[in-house]
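In: I would like to see how this sequence folds:
(one chain, ligands or ions: 1)
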Amino acid sequence: MPQKPVENFDKDSVLAWLIENSPAELDRLWQKADDVRCQCVGDDVWLRGLIEVSNNCARSCAYCGISLVAPRPKIYLMDKAEIMDSAKKALEYGYGTVVLQAGEDPRITGPWMADIVSCIKRETGLAITLSLGERSDEELKMWREAGADRYLLRFETSDEKLYRQIHPDLGGPSNRIAQLERMRGMGYEIGTGIMIGLPGQTWKSLANDIWLFRKYGIDMVGVGPFLESPGTPLAGELSKALRASAGDSQVPSDDLTALKVIALTRLLCPDTNIPATTALATIDPTGGRVHGLQRGANVVMPNVTPAEYRSLYQTYPGKAGTNETADVSRHKIESQILSLGRTIGKGPGTSLKYLQQH
Ligand code: 5AD
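Out: As a prediction, the model looks like this:
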């Protein structure tokens, strides 16, 4: 039998790799992904300090543990002083970037966030990534002008029907791809990603997701397994109906599939920044992050959110690092990186793809 290609892919070979289960074949994929990672982005692993600013959200995405429809014991919004303390902690720890992430909290207004972004820039000089959901162009431009460098917005799945079933409209229809394109025009480095094993997700649509990362020339791609959040529609009847509609083509939400997606993304998007995500570390607490780094990933996002808020930001249950302090997360992650013979990146870790185009 002819071997599946590990370069010059077409969409069918992405699909063939996704359903491949022979350990010897997969070793070939892992090796190639690690080689390409080493050649194209090197041995540095970039650390981004994650600050979970608010667990309030106006949307009701069917999977998410901080959505309007999910049971949340307490709603919080960090204040400016707390956010600045967390950003300074990231600086002190040597992280080159802070990521400000939150649900679509109406209290996060354009001017409020612009003030925080400019203050972080002025006082720390760190690269700033925002991950604040679907926002108006006016807000996005204001934040970019205030000093935001990057924006993360996962499109979650390229299957339009499934997308609409799990993302109820708010005002107008949700269109994340369009926002990504507009943000690129504003000069943001753009990041996206998907969940793996969403109920109703088929192998074919997953192959298409990976294909789109390349087509859209994405600077950062974050992927992780879908994990059921209790009390959300995707932990109930909707999930059963969607799984039934996918039938035998339903993608599992397991670590092996997530690692295949990371490796294939590295091969299709060689100079893109790819994190070993918290969801991967959650589904496999001992090996997830390390395997991600060995199979294509070059970024980790250690949490610097104050302990009192961490347990309230449960997009899914049992999120890795929830009961750790920022200091413990840092030491654990740094020792994992060093144990692989990799180095910790110094500086902002801007995507090479973005640097070549600017
Ligand atoms: N399982 C896995 N990932 C999730 N996210 C949200 N809810 C879940 C879940 N139940 C991911 C989404 C979102 C990111 C911030 O967290 O992909 O874009």
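
In: the ligand contacts on the chain?
Out: 63-65, 154, 156, 195, 224, 226-227, 229, 279, 315-316 (Cβ under 6 Å from any ligand atom). For glycine as for every other residue, the C-beta is placed from the backbone atoms N, C-alpha and C.

In: of those, which is the most crowded?
Out: Most neighbours among the residues of the chain next to the ligand, by other Cβ atoms under 10 Å: Gly224, with 29 neighbours.

In: CA atoms only for the helix or strand that contains that residue, dumped as CSV, please.
Out: When elements are assigned from DSSP states H and E, Gly224 belongs to strand 220-225. Output of strand 220-225 as CSV, limited to C-alpha atoms (Å, rounded to 0.1, in the frame of the first residue of the first chain):
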residue,chain,number,x,y,z
MET,A,220,-2.1,31.2,16.1
VAL,A,221,-4.2,28.0,16.2
GLY,A,222,-5.5,26.6,19.6
VAL,A,223,-7.3,23.3,19.7
GLY,A,224,-8.5,21.1,22.5
PRO,A,225,-10.9,18.3,23.2
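
In: elements contacting it?
Out: Packing partners of strand 220-225 (3 or more Cβ pairs under 8 Å, 6 or more residues apart in numbering; DSSP states H and E): strand 150-152, strand 189-196, helix 255-268, helix 278-283.

In: for Glu52, find the nearest of the ones you listed.
Out: helix 278-283 (10.8 Å; Cβ to Cβ).

In: who are the packing partners of the closest one?
Out: strand 220-225, helix 255-268, helix 288-294.

In: need the ones you listed in JSON lines (columns: mean pLDDT).
Out: Formatted as JSON lines, the helices and strands packed on helix 278-283 follow (pLDDT from 0 to 100):
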{"stretch": "strand 220-225", "mean pLDDT": "97"}
{"stretch": "helix 255-268", "mean pLDDT": "97"}
{"stretch": "helix 288-294", "mean pLDDT": "97"}
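
In: how about JSON lines for the ones you listed, with distance to Pro173 added?
Out: Converted to JSON lines, the helices and strands packed on helix 278-283 look like this (distance: least, Cβ to Cβ, whole Å):
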{"stretch": "strand 220-225", "distance to Pro173": "24"}
{"stretch": "helix 255-268", "distance to Pro173": "27"}
{"stretch": "helix 288-294", "distance to Pro173": "33"}
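
In: tell me which of the ones you listed sits most buried.
Out: Mean neighbours per residue, mean count of other Cβ atoms under 10 Å, is largest over the helices and strands packed on helix 278-283 for strand 220-225, with a mean of 27.

In: which residues sit against that one?
Out: Applying Cβ atoms under 8 Å, 6 or more residues apart in numbering, the contact partners of strand 220-225 are 150, 152, 154, 189-197, 213, 253-255, 257-258, 261-262, 265, 269, 272-275, 277-280, 282-283, 299, 351.

In: for the stretch 201-350 of the chain, just list every one of the strands.
Out: 220-225, 299-300, 343-344 (DSSP state E, counting those that start in this stretch).

In: quick one: closest of these to Asn175.
Out: It is, among the strands of the stretch 201-350 of the chain and with distance given as Cβ to Cβ, strand 220-225, at 19.2 Å.

In: right, and the helix or strand after the longest helix seen in the chain?
Out: Using DSSP state H, we find that the single longest helix of the chain is helix 23-41. Moving toward the C-terminus from helix 23-41, the next helix or strand (DSSP H and E) is strand 44-54.
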